[in-house]
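S.K.: turn this into a structure:
(chains A, B and C)
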Amino acid sequence: MTGPALGREFYQCPTDDVARALLGKLLVRHAEGATVVMRITEVEAYLGTEDPACHTFGGRRTPRTETMWGPAGHAYVYLIYGLHHCLNIVTVGVGEPEAVLIRGAIPIVGIDTIRERRGFPASDRLLADGPGKLCQALAITRSDQGCDLTAIDSALFIVDDGFMVDDSVIEKSGRIGVAYAGSAADWPLRYRVHSDIRG
DNA sequence: TCTAGGATCGGCT
DNA sequence: GCCGATCCTAGAT
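M.R.: Numbering: from 1, shown residues only, chains lettered A, B, ... in the order given. Below is the predicted model:
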């Protein structure tokens, strides 16, 4: 599972491309004295001011979304339904408030830690098969808002270990839970790996 | 200051 | 498949 941590340039690309490229990458998290590594299996792209499903649609700029307006490669974390955290990674560049939502991943290292955080024994696949579950598994909260994934010694970063995800195992579909965004909910910006890529 | 509603999850039917 | 939990955020007043 060794490999170079992804640098800023990886994230400074069109959001749709970054989303696709993140599939199969390793999410590495140091927190609470433990290290957890997970392989990304599901993501969604959010295309900024032109995307009705995106928090920055129409140029909205608030304290919450401020991170999205900043440089690529930072974590945009928010609370949804008063209960769950969602982890996004800012893409493109300053003034282009786009991001990729990490929706799901498979545990690679630290499964015991993840089970402890999730509070019940479940199959590995069910430990982080949703954005809220993923953040719980990784112990991500709003205190991680703005975290720079490309910084040396960052508590959260992404590694490319050379694992390749073939297009044939990727399911592309509309986005989840954004019906309020009208037809934009159907834009094919969700990517999900539908085979076992534990690697 | 007030209020409506949300990029979800898990339990129950 | 349906529904309640739960509280922050953003926009309105």
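S.K.: so what's the residue count around residue A:166?
M.R.: Neighbour count for residue A:166, taken as other C-beta atoms under 10 Å: 10. Using the backbone N, CA and C atoms, a C-beta is placed for each residue, glycine as well.
S.K.: output the contacting helices and strands for the lowest-mean-pLDDT helix or strand in chain A.
M.R.: None of the helices or strands of chain A scores lower by mean pLDDT, DSSP states H and E than helix A:111-118, at a mean of 92. Where contact means 3 or more C-beta pairs under 8 Å, 6 or more residues apart in numbering; DSSP states H and E, helix A:111-118 is packed against strand A:34-46, helix A:131-138.
S.K.: name the helix or strand for the residue positioned nearest the centre of chain A, please.
M.R.: Residue closest to the average C-alpha location in chain A (C-alpha atoms, centre = their mean): residue A:102, at 2.3 Å. Following DSSP states H and E, one finds residue A:102 within strand A:96-109.
S.K.: each with direction, which strands does that strand pair with?
M.R.: Take DSSP bridges as the rule and strand A:96-109 pairs in its sheet with strand A:34-46 (antiparallel), strand A:84-93 (antiparallel).
S.K.: how about the first one and DNA strand B, any contact?
M.R.: Yes. Strand A:34-46 is in contact with DNA strand B by C-beta under 7 Å from any atom of the strand, via A:44, A:46.
S.K.: so which bits of that strand are buried?
M.R.: A:36, A:37, A:38, A:39, A:40, A:41, A:42, A:43, A:44, A:45, A:46 (16 or more other C-beta atoms under 10 Å).
S.K.: state the distance from residue A:27 to DNA strand C.
M.R.: 23 Å (C-beta to the nearest atom of the strand, to the nearest Å).
S.K.: got the phi/psi numbers for residue A:168?
M.R.: phi -70, psi -20 (degrees, to the nearest 10).
S.K.: look up how far residue A:69 lies from it.
M.R.: 37 Å (C-beta to C-beta, to the nearest Å).
S.K.: I'd like the helices and strands packed on helix A:111-118 laid out as CSV, including mean pLDDT.
M.R.: Listed next are those as CSV, based on pLDDT from 0 to 100:
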stretch, mean pLDDT
strand A:34-46, 96
helix A:131-138, 96
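S.K.: just tell me which of those ends up closest to DNA strand C.
M.R.: For DNA strand C, the closest of the helices and strands packed on helix A:111-118 is helix A:131-138, at 9.5 Å, according to C-beta to the nearest atom of the strand.
S.K.: would you mind listing what in chain A touches DNA strand B?
M.R.: Residues of chain A lying near DNA strand B (C-beta under 7 Å from any atom of the strand): A:44, A:46, A:53-55, A:79-84, A:86, A:88, A:99, A:101, A:118, A:130-134, A:175-178, A:180.
S.K.: show the buried residues in the residues you listed.
M.R.: Buried, going by 16+ other C-beta under 10 Å: A:44, A:46, A:53-55, A:86, A:88, A:99, A:101, A:131-134, A:175, A:178, out of the residues of chain A next to DNA strand B.
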